[in-house]
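**Q** Predicted coordinates and the sequence they were generated for:
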Amino acid sequence: MRRRWTRLTAGICVFLFLPTSALAHHPIEAKFDNDRPLTLTGILTQVDWSNPHVHIFMNVGGGTGAIANWAVELESPDVLERSGWDRDTLAAGDTITVEGVAARDGSEQVWGHTVRRADGGEPLFTINRDALEELLRGRPEGPPPRWPDGQLQLGSPNGQGGYWTGPSLSALVEDGVEVEMDAHGVLRHIEEAPRVAPFKTWAKDLYVLRQRDFLEDDPGFLFCMPPGGPRHFQMPFPFGIQFVEDRARGRIFVLTGGGNSNWRLIHTGGGEQTGQASTSNPLFYGTSLAEWEGDSLVVRTSAFNEAFWFSNGGLPHTRALQLTERISRPDLNTLRYEVTIDDPGAYTRPWTSTWTLEWLPGQDPPEHFCQGNRP
Amino acid sequence: MRLRLTVIMASLLLSLALAPADARQAENEESRPAPRWEDGRINLGAPLGENGMWFRDENYLAVNPDSYEPQTTRNSRIHIDDIPLQPWARALVNHRNESYLANEPYTRCLPSSGPRHFIAFYGMEIMNMPELERVYMFIRAISGSYRVIYTDGREHPANPRPTFFGHSVGHWEGDTLVIDTVGMNERFWMNREGLPHTEQLHLIERVTRVDFDSLDYTVTVDDPGAYDAPWTSGYTLRWREGEGISEYICQENNLSPEGMIVGSESRIVP
């Protein structure tokens, strides 16, 4: 087992190149062009302080003297608030300068990297790619917490808050395969697509199409479909997951803070999901039955529908999808998530992908409802 | 004759609605006592080895004869005329009902919190986690979401960013869970009939398992932005034995994503 872990660790060498934003909710690349930097100075007209992205609007004078109202898209309120900016920091009438990148379609929209008052001074906001790293610095370390009977605890040690975030892998990639991708699972080199997983031809073609479109058809983005399958373990910081272990009843609720603030129910006591769940009514989170094998929670999940993307990056799946997830906590601050995908509808054989998440102590994921917001 | 029958029916329903809490309890004389944990704490969920959830029992937040469907609001602890709505808020309720609840956020898959989620369709579960010093509420509708109530003695943040569920802290007064919530946004309706609120909304909710099968929910709505004085209403919820919580994702078949995320007036395009 130990040897396998080492081999897997060595296998996960996915090089992340920095995207426009490592934090964003949806692929910024689908909407904005990294190669079109833009600096705007103008008068603020409106602040729309809501998830997933704050928008501010500003009047900018054009070369011909005409004034255009630009929409500036920024990170989420939670991210901005972590940098000390709240919704009252700026007011209509303030003169500001925004640095960012322009929309692909040429419309008057910009993705803002940095915002400052036009009279100079420190930026009010600038994308901080190290925000999570700074929060994690100085965390207490130690062995994984355990219940009084010795069983591993996946959630918060007694009396402390906290959640899992910062996945080491942003999208499913078969263990041992090295590809470069960004925080949303967009490949740097599209010709590497066939290596990502043992796709059937149609699935590979669909994956490539989604990649070429910068994932713009993602139903999680367009229609707020939940991040079922392994995807809720891939949510980028500040989103993340929590485990609420209802041991008395043999249940674990996985709270997907960020991805629509859903709960997913895992039965550990031999019980089964009742009510609407059945194979004739396939689900976003599927039905999950689990048991402990030593320090690993082994979860078998099936009965998925096809209305969502089960991974960042746009890998397809079918109703035939069955997952075997092995969840463990090698130390206090590390969650190890290994998922075997068995979907004869889309893949030629079962395959496995593994990554880790970081324990962020003392806080909960921000409340986030995709459907409450603008894209 | 028909009119007379209607009057009789209406007074029957009214007396039912205005019946004191102990009379409502009396309906459940055969109910088991509320379950408890070994240490004597009240258990707001299923006893070990059982399943069950809380469901609405045709109770409503307020009687409103002018609502879109007045017949559905008869059973309530308060009449809208006794709610100190500010004129703009009353006008907004009327407008929402006259326009047949168009743009009702709940039907656009938006979460609805406070008093609304307690009577959401398909029921809810309340799970007290003393070892985490939290109470979780798992809601089947409301897009399969959850609410967390901190019972660790913490205070509200000074300037919380308004969210759908807001920031809830709770404590126990005997068997009653008392929840204090602030920091809610204005994007949900507190009931189907469109009672409005502002970001100043402050809720005090009291949750008591009266007996095995009945949960009393009493809410005091304090919102100086929309009401001239605090007011109180509530419901009795019923235990449905054997019911296990399961997935319900509203947006699965919602054909109006623009109503969920963009808004018809928006000029922002995906």
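**A** Looks like it came in fine.
**Q** Now the stretch 51-200 of chain B against chain A: closest residue?
**A** Nearest residue of the stretch 51-200 of chain B to chain A, counting by Cβ to the nearest Cβ: residue B:163, 4.2 Å away. Bear in mind the C-beta positions are built from the backbone N, C-alpha and C, glycine included.
**Q** That residue: what's its closest spatial neighbour, skipping adjacent residues?
**A** Excluding its sequence neighbours, the residue lying closest to residue B:163 (Cβ to Cβ, 6 or more residues apart in numbering or on different chains) is residue A:367, at 4.2 Å.
**Q** what about that neighbour, is that helix, strand or coil?
**A** The three-state label given to residue A:367 by DSSP: H, G, I helix; E, B strand; the rest coil is coil.
**Q** which residues does it contact?
**A** Under the criterion of Cβ atoms under 8 Å, 6 or more residues apart in numbering or on different chains, the contact list for residue A:367 reads A:257, A:261, B:163, B:164, B:165.
**Q** Show me which of these is closest to residue A:338.
**A** Nearest to residue A:338 among these, counting by Cβ to Cβ, is residue A:257 at 22.1 Å.
**Q** Now the strand ranked longest in chain A: average pLDDT?
**A** Counting by DSSP state E, the longest strand found in chain A is strand A:32-48. The pLDDT scores in strand A:32-48 average 90.
**Q** chain center to the next helix-or-strand element following it, what's the gap?
**A** Using DSSP states H and E, the next helix or strand after strand A:32-48 towards the C-terminus is strand A:55-61. Mean-position distance between strand A:55-61 and its chain equals 29 Å (Cα atoms, centre = their mean, to the nearest Å).
**Q** close to chain B, is strand A:55-61?
**A** Yes. For strand A:55-61, a contact with chain B is found by Cβ under 8 Å from any Cβ of the partner chain, at residue A:55.
**Q** which residues touch the residue of the stretch 51-200 of chain B closest to chain A?
**A** By Cβ under 8 Å, 6+ apart, the contact set of residue B:163 is A:366, A:367, B:183, B:184, B:185.
**Q** And for the nearest residue to the last one once chain neighbours are set aside, the neighbour number?
**A** If you skip the residues right next to it in sequence, residue B:185 has residue B:162 as its closest partner in space, 3.8 Å away by Cβ to Cβ, 6+ apart. A total of 20 residues lie near residue B:162 under the criterion other Cβ atoms under 10 Å in any protein chain shown.
**Q** is it true that residue B:162 touches residue B:182?
**A** No. If you go by Cβ atoms under 8 Å, residue B:162 and residue B:182 don't touch, sitting 9.2 Å apart.
**Q** From the centroid of the chain, which residue is nearest?
**A** You didn't say which chain, so I picked chain A. Nearest residue to the geometric centre of chain A (Cα atoms, centre = their mean): residue A:235, 2.0 Å.
**Q** nope, chain B please
**A** Centre-nearest of chain B using Cα atoms, centre = their mean is residue B:115, 2.3 Å out.
**Q** pLDDT score for it?
**A** Here the pLDDT value assigned to residue B:115 is 93.
**Q** quick one, what contacts it?
**A** For residue B:115, the contact set (Cβ under 8 Å, 6+ apart) comprises B:61, B:190, B:191, B:203, B:205, B:217, B:219, B:221, B:233, B:234, B:235.
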